[in-house]
Structures are given as structure tokens and as C-alpha cells.
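S.K.: The following block contains a protein sequence and its predicted model.
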Amino acid sequence: MPVLQQILFLRHATAEDRLFAPVDAERALIDKGRRQTRAVARFCQRQTLLPARLLCSPLRRAIETATLLGDELPECPRPQVVDWLKLDTPTELALAGVLEQVAHGDGPLWLVGHEPDLSALISRLLGSEQPILRIKKASLTCLEIEPGSGAPARLLWSIPCALMD
């Protein structure tokens, strides 16, 4: 029986408006974003969802989302920053990063990143060249993939933060 690997995508929570941040990469979470992240953590606790590895974009809002999730979710690993999750990374580069990670699968892989990059990456993993879904802030999307098979991933579920509490 093939070994299946789960990949969970978490779009960063609500951050400062672009108009108020001098540098986009430094946009911090606002109170709403911290509440959203805590709601995600509570949902994950209720559903016994826990990452084996938690990777995030180097942008501040993604790091803050991943760090707060880890602080709120018992036994969650500390986030690791990877450049291939930063905003505007070519989909092929991000796809290579994901496939390298799932090849070393040791449990659920969680990725914290940005739009429209996450939607493009998820769509490619599902076998589509065109984006086929749109990820809302602080939502969780779960795929299942068979590492090394070359087969497309399967969408298991996608839940917006508003439905988690």
C-alpha cells in the first residue's frame, strides 16, 4: 500500500494594510490576524491536527502567523523559514521545494505563505496549470499526495477561518 503524505497550506492571517507599512515584507499581523491564528490553533486542537514540520515564508506576517500557531498549539514544531515560500516565488521553484519536503515525509507538512502563490502551488499539485481555487486569509487547505508517484495530489478539504470557531 502506498505511503500518502498530507500537506496543509495556511495562508497568513490578516496583517497591516499596505498603505500603512513602508515595506511590504515588514507588514505585521493586526489584532484580527492574531485572533484568526488563535482560532486556527483551537480548531487544530479539536481536530487533532498537528504538523510534523512547519515551514513558512520569510515575510513578517507569515512568520508571525506560524510562530503564534506554534505557541498556541501544544507540541507544534517551531517554524522553519524557507525562501521558496516568499511572495512572488515562481510556482515551479515552490513546487520543487514542496516535492523535496514530501519525499522526506515523516508526517504532515504545513506551509504558511501568501496569495496568489499558495493557490497557484495547490493547483499545480492538483494537476492544473491554472489556479482552480483561491485561498482566504488564515484558512487551512489539506492535500494528500503519494511521494514519488508523479500522480496529482488530492484535495481533502479547505476551511476558511470563519468556519473554524
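M.R.: All right, it came through fine.
S.K.: What's the per-residue pLDDT of residue 148 here?
M.R.: Note on residue 148: pLDDT of 86.
S.K.: The closest residue to it other than its chain neighbours and residue 109, how far apart?
M.R.: Nearest non-adjacent residue to residue 148, counting by Cβ to Cβ, 6 or more residues apart in numbering: residue 103, 6.5 Å away. Placement of C-beta: from N, CA and C, glycine included. For residue 103, the distance to residue 109 equals 11 Å [Cβ to Cβ, to the nearest Å].
S.K.: Repeat that for residue 78.
M.R.: From residue 78 to residue 109 the distance is 15 Å (Cβ to Cβ).
S.K.: repeat for residue 139
M.R.: In this view, residue 139 and residue 109 are 17 Å apart by Cβ to Cβ.
S.K.: Next: residue 55.
M.R.: Residue 55 is 7 Å from residue 109, by Cβ to Cβ.
S.K.: where do the contact lists of those two overlap?
M.R.: Taking Cβ atoms under 8 Å, 6 or more residues apart in numbering as the criterion, residue 55 and residue 109 both touch residue 101.
S.K.: Adjacent strands (with direction) for the helix or strand hosting residue 144?
M.R.: Following DSSP states H and E, one finds residue 144 within strand 140-145. Here strand 140-145 is paired, per DSSP bridges, with strand 5-11 (antiparallel), strand 154-159 (antiparallel).
S.K.: For the protein, give me the ranges with low pLDDT.
M.R.: 1-2 (pLDDT under 70).
S.K.: can you give me the helices for it?
M.R.: Taking DSSP state H, the helices of the chain run over residues 31-46, 60-72, 91-103, 117-125.
S.K.: Fine by me, we can end here.
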